[in-house]
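return atomic coordinates for the entry below.
(one chain, ligands or ions: 1)
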Amino acid sequence: MCIFCGKNEDMTEYADEHVFPDAIGGLLILKDRVCKPCNDKLGHSVDTHLVNHGLVSFMRLIYGLKGKSGKVPNPLEKGVLSNDPSQQVRYEFTDDGKPKRTYLVPQITASKQEESVEISFNIDESDRKEIPSIMRKLAKRNNFPISDEQIEEVLKIPSEEFQPTIKSSMKVDLDKYRKAILKIGYELGCYWLGDKYYDDPVAACLREAIFSDAALNEEARRLGLTGDIRLIAEESEFPFLSNNKACHIAFSMSQSDFISCYVRVFMLFEGHVLLSRNPARYPDFEGKFIEIDVEKKSMRELPFSQEIYRVGVEANRMN
Ligand SMILES: [Zn+2]
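Numbering: from 1, shown residues only. Next comes the predicted model:
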């Protein structure tokens, strides 16, 4: 049965659902739990805001995490020279996210004087071979004659080595990524609490919030969901639980009157998602911990109590 739409037909085609999206190195996969239409729909409407978030793009670049296009994103793609904001520059990376080169976006202007035309170029050395055709085009467009000798003269100008200082800016979304974290929490609920989690009243609210187009805060208030998902400003709430920046972690614990799940994506976002108000429904649930290391491409999953014990032993050894 699909954990999102509840469809349960023989014809249902399932997709491999990455609990933490594939593009951020999510290794935990739910098989035969999410139908293909839900997987596609939620990928476009929810996951995209997390995997293409400006801050996440930097982490994907650092760890070489490719998206569906097969490319590592380049958040530095567009910038300008700090001493000349009219000059655009691109930092180029290979598809694997290795630095390739800095590229000066061509800037060519022609201005008519009384008896002459002044052409100015700012082009990348790699575009030198384009100079003759650029000049001929400019001449044609501005209606002035140009000789091969004049073009030769321009080609003789040596290129300048420079170490540009580049300014770039980006917009950082502060809301939409949060639904993707909520979705991770919900899927962990389905994974850890088993099939009967689908019928939990809180699970139904989470599904509604995940599919809704409204802002998460609004939906959470309307549905009575509690929790908090935010950008990690200074220190993560649980720094002792793995302070490796290349990791995603999550854990869930049963409290006396609720079950919640903590999710952290890199050292960027963290949050608590309420999973159930009825822990008695899940008497066998003992609390779980998961850590996915996107650099080592490894995953650890164990009872939460064991992880706390391990962290304690390690802390003692260091003291
Ligand atoms: Zn579905």
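
do a quick rundown of the helices in the stretch 151-300 of the chain.
177-193, 201-211, 216-223 (DSSP state H, counting those that start in this stretch).

reformat those as TSV; add mean neighbour count.
For the C-beta atoms, the positions are set from N, CA and C on the backbone; glycine is no exception. Shown next, in TSV, are these (neighbours: other CB atoms under 10 Å):
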stretch	mean neighbour count
helix 177-193	25
helix 201-211	18
helix 216-223	15
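
who's in contact with the residue nearest the centre of the chain?
Centrality entry for the chain: nearest residue to the mean C-alpha point is residue 51, 2.6 Å, by CA atoms, centre = their mean. Contact analysis of residue 51 by CB atoms under 8 Å, 6 or more residues apart in numbering lists 21, 23, 24, 60, 67, 180.

beta partners for the closest residue to residue 229 other than its chain neighbours?
Leaving aside its sequence neighbours, residue 229 sits nearest to residue 271 (CB to CB, 6 or more residues apart in numbering; 3.0 Å). Judged by DSSP bridges, the bridge partners of residue 271 are residue 229, residue 263.

was I right about residue 271 contacting residue 227?
Yes. Counting by CB atoms under 8 Å, residue 227 is a contact partner of residue 271 at 6.4 Å.

what is in contact with the two at once?
Shared contacts of residue 271 and residue 227, counting by CB under 8 Å, 6+ apart, come down to 182, 185.

hang on, the earlier thing: for residue 194, see how far away the residue nearest to residue 229 is.
Distance from residue 271 to residue 194, counting by CB to CB, to the nearest Å: 23 Å.

who's more crowded, the two?
A side-by-side neighbour count of residue 271 and residue 194, using other CB atoms under 10 Å, places residue 271 first with 22 against 13.

who touches the more buried one in this structure?
Residue 271 neighbours (CB under 8 Å, 6+ apart): 178, 181, 182, 185, 227, 228, 229, 230, 262, 263.

could you rerun that using 6 Å?
By CB atoms under 6 Å, 6 or more residues apart in numbering, the contact list for residue 271 reads 181, 228, 229, 263.

relative to residue 244, how far out is it?
Taking CB to CB, one finds residue 271 at 19 Å from residue 244.

still on that earlier bit, let's have the contacts of residue 271 in CSV, adding pLDDT.
As requested, the contacts of residue 271 are arranged in CSV below (pLDDT from 0 to 100):
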residue, pLDDT
181, 97
228, 89
229, 92
263, 98
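
now do the domain split for this structure, please.
79-167, 173-318 (automatic domain parsing).

identify whichever of these lies nearest to residue 31.
Residue 31 lies closest to domain 173-318 among the domains of the chain, at 10.8 Å (CB to CB).

gap between the two ends of that closest one?
39 Å (CA to CA, to the nearest Å).

now do that domain: distance to the chain's middle.
Domain 173-318 sits 18 Å away from the centroid of its parent chain (CA atoms, centre = their mean, to the nearest Å).
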